[in-house]
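Q: With the sequence up front, the predicted model follows.
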Amino acid sequence: MEETILKTVKVTKIYNQGKHNEVVPVRDASLAVGRGMAVVLKGPSGSGKTTLLSMIGCQIKPTYGEIVVKGKPVSKLPEKFANLHKRQHIGFVFQQFHLVPDLSVLDNIMLPLLPWGMSPLERRRRAEELLTEFELTPRRQFKVRDLSGGEQQRVAISRSLINGCTVLLADEPTAHLDAQLTADFLGYMNDLKQKGYTILIASHDPVVCENAMVDRIIEMKNGEIVS
Ligand SMILES: Nc1ncnc2c1ncn2[C@@H]1O[C@H](COP(=O)(O)OP(=O)(O)OP(=O)(O)O)[C@@H](O)[C@H]1O
Ligand SMILES: [Mg+2]
C-alpha cells in the first residue's frame, strides 16, 4: 500500500453548537488517500463536501476528530502554524479561479509566494518554470482579464502549484467549464497525478466522477461518508 498522504479520523464539524440553529455539515468522516491517488468526493448539494475539503485544507477546524496530512496531525495546530502548513503543503483550485483580473499572468502566479519573504529571483524562477510547463510564456505580461477561459484555467493551476505543494484540493473545479475545458482540466490533473501529486476533488459532475484518472469515489450523504 502506498504512503497515506491525507487522512481524516472521525472528523465532525458543528456550527452553532448547542444552539437552536445548530448545523452538523460533517459527521464522523474517516477517509484516507494514498500518494499519487486522485479521489473524488461526491454527493448532493449540502452533503458536506466543501466543509470536509475545507477542513482537510486547514481553512476551517473540525469540532471533533483529527486531520493528518503527510503524517502530521494538523487539526489542532494554532492558527499561525495551520496557515504555514496550508501555505507550504496544499494547493487549491477554486471554482471560479479567484484570479486578480487586473494583474499580469506572472504576478497572479507569484501571488501566493508574497507572504513568504522569498527572494524575487526565486519567485521568478518558480513562476517561469510553471509558465513553461503550462505554455503560458507568451502570455506572461498579459492581464488575466484579457485571457481565454482555458488560459485562465492554466494560470489558476500554476498559481496553486507555485508553493511546491504535492497535495491539490479542488472544489467543484469544472462547475463553470464547458466540455473542452473540463477535459483539459482532467488532463492536467492526470499529468500531475502521474508526477506523484495527491488530488482530492469535490464534485458532482458525472464527467469528473467517470473519468479514467479517478482512482476512487468517496460518496457523502447528509454529512456522512456512505461509501
Ligand atoms: N458557516 C456555516 N454556518 C452554518 N452552516 C453552514 C456553514 N457552512 C456550511 N453550512 C451548512 O453545511 C451544510 C453542508 O455545506 P457544504 O457547503 O459543505 O455542502 P456541499 O456538499 O459542498 O454542497 P454544494 O454541492 O452545494 O457545494 C449545508 O447545509 C450548509 O448550509
Ligand atoms: Mg460545495
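A: Alright, I've got the coordinates. Ligands and ions are numbered 1, 2, ... in the order given.
Q: Strands along this protein, start to end?
A: For the chain, the strands defined by DSSP state E cover 4-15, 23-34, 38-42, 64-69, 72-73, 90-93, 167-171, 198-202, 216-221, 224-225.
Q: now, of the ones you listed, which is deepest in the fold?
A: strand 198-202 (a mean of 26; mean count of other C-beta atoms under 10 Å). For the C-beta atoms, the positions are set from N, CA and C on the backbone; glycine is no exception.
Q: Sheet partners, orientation included, of it?
A: With DSSP bridges as the test, strand 198-202 is paired with strand 38-42 (parallel), strand 167-171 (parallel).
Q: Go through these and name the closest to residue 192.
A: strand 167-171 (6.5 Å; C-beta to C-beta).
Q: thinking again about what came up before, would you mind putting the strands of the chain into a markdown table with mean pLDDT and distance to residue 50 alongside?
A: Shown next, in a markdown table, are the strands of the chain (pLDDT from 0 to 100; distance: least, C-beta to C-beta, whole Å):
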| stretch | mean pLDDT | distance to residue 50 |
| --- | --- | --- |
| strand 4-15 | 97 | 11 |
| strand 23-34 | 97 | 8 |
| strand 38-42 | 97 | 9 |
| strand 64-69 | 97 | 15 |
| strand 72-73 | 94 | 22 |
| strand 90-93 | 93 | 12 |
| strand 167-171 | 95 | 6 |
| strand 198-202 | 97 | 6 |
| strand 216-221 | 97 | 10 |
| strand 224-225 | 96 | 15 |
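Q: Distance to ligand 1 added to those strands, as a markdown table?
A: Output for the strands of the chain, formatted as a markdown table (distance: least, C-beta to the nearest ligand atom, whole Å):
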| stretch | distance to ligand 1 |
| --- | --- |
| strand 4-15 | 4 |
| strand 23-34 | 3 |
| strand 38-42 | 8 |
| strand 64-69 | 15 |
| strand 72-73 | 22 |
| strand 90-93 | 14 |
| strand 167-171 | 7 |
| strand 198-202 | 6 |
| strand 216-221 | 7 |
| strand 224-225 | 12 |
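Q: Including distance to residue 123, could those go into TSV?
A: Putting the strands of the chain into TSV (distance: least, C-beta to C-beta, whole Å) gives the following:
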stretch	distance to residue 123
strand 4-15	26
strand 23-34	30
strand 38-42	29
strand 64-69	24
strand 72-73	26
strand 90-93	16
strand 167-171	20
strand 198-202	25
strand 216-221	36
strand 224-225	39
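Q: Out of those, which is closest to residue 142?
A: Of those, nearest to residue 142 by C-beta to C-beta is strand 90-93, at 20.4 Å.
Q: Each with direction, which strands does the closest one pair with?
A: Strand 90-93 sits in its sheet next to strand 167-171 (parallel), going by DSSP bridges.
Q: May I have the strand it pairs with exported as PDB, CA atoms only?
A: The C-alpha coordinates for strand 167-171 follow below in PDB (Å, rounded to 0.1, in the frame of the first residue of the first chain):
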ATOM      1  CA  VAL A 167      -1.400  17.900  -2.500                       C
ATOM      2  CA  LEU A 168      -4.100  19.500  -4.600                       C
ATOM      3  CA  LEU A 169      -7.600  20.200  -3.400                       C
ATOM      4  CA  ALA A 170     -10.300  21.300  -5.900                       C
ATOM      5  CA  ASP A 171     -13.800  22.300  -5.000                       C
END
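Q: Great, nothing more from me.
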